[in-house]
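**Student:** the sequence and its predicted three-dimensional model are supplied below.
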Amino acid sequence: MASDGRAYPDRPLLSVGGVVFVDHRVVVVRRRNPPLAGRWTLPGGVVEAGESVAAGVAREMLEETGLMVRVRDLVEIVEHIDQDPEGRVRHHYVILDYLCEVTGGALCAGGDAEAAALIGLDPDTMDTYALTDAARRVIRRGLQLHNTGERPSR
C-alpha cells in the first residue's frame, strides 16, 4: 500500500474536480502521478479532512492551475476505479466535478499537474489531448451549465 493510502485504499476516496472555461476553451492538466500519470484530465484532487468540498475545489484549482476560482454548481459525479492484474482495487476515487469561474491568478502547472493548458472544445482538439470519455462528458455538461445557467440534463 502506498504511504498516502491512495493506492489500494480500504475505501473510496472523496475527490473534486473543476471545469473551468476561459474564452471558449477549457482548462486541462497533465497528471504527474498515478492513476492517470502522463494523461490529460480536468484539474482536481482529494478533499482533505476537515475541508469543505467547495474549499477543496478552490484549493486544488489554485494548486494545479494557478487560477483562483469561484466554485459554482455540481456538474457530475464520476467514479474512477481501476484494478491490478490480480483483480484487487488499486484506485477508487469518487469525484465531484464542479463548474468554476476564474476570479484571479494566471494559468500555470503545479502540485500533481506537470502541465496545464487551455484547449479548444472541438472533438479534434480533445482527441489530440486524449481526454477520457468521462472528461469529455463532464466538459459537455459543464459547458451546457455555463452557457444556460441551468442544470445539465442527465
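**Tutor:** Nice, thanks for sending it over. Numbering: from 1, shown residues only.
**Student:** which residues are in contact with the lowest-mean-pLDDT helix or strand in the chain?
**Tutor:** One helix or strand of the chain scores below all others by mean pLDDT, DSSP states H and E: helix 123-128, with a mean of 91. Helix 123-128 has contacts (C-beta atoms under 8 Å, 6 or more residues apart in numbering) with 119, 136, 139. To be clear about C-beta, it is placed using only N, CA and C from the backbone, and glycine gets the same treatment.
**Student:** kindly recompute the last result at 10 Å.
**Tutor:** Helix 123-128 has contacts (C-beta atoms under 10 Å, 6 or more residues apart in numbering) with 25-26, 28, 40, 119-120, 122, 131-132, 135-136, 139-140.
**Student:** turn these into CSV, including secondary structure, pLDDT and distance to residue 149.
**Tutor:** Below are these laid out as CSV (DSSP: H, G, I helix; E, B strand; the rest coil; pLDDT from 0 to 100; distance: C-beta to C-beta, whole Å):
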residue, secondary structure, pLDDT, distance to residue 149
25, strand, 97, 20
26, strand, 97, 18
28, strand, 97, 23
40, strand, 95, 28
119, strand, 97, 23
120, strand, 95, 23
122, coil, 92, 23
131, coil, 91, 25
132, coil, 86, 26
135, helix, 94, 22
136, helix, 94, 22
139, helix, 97, 17
140, helix, 94, 16
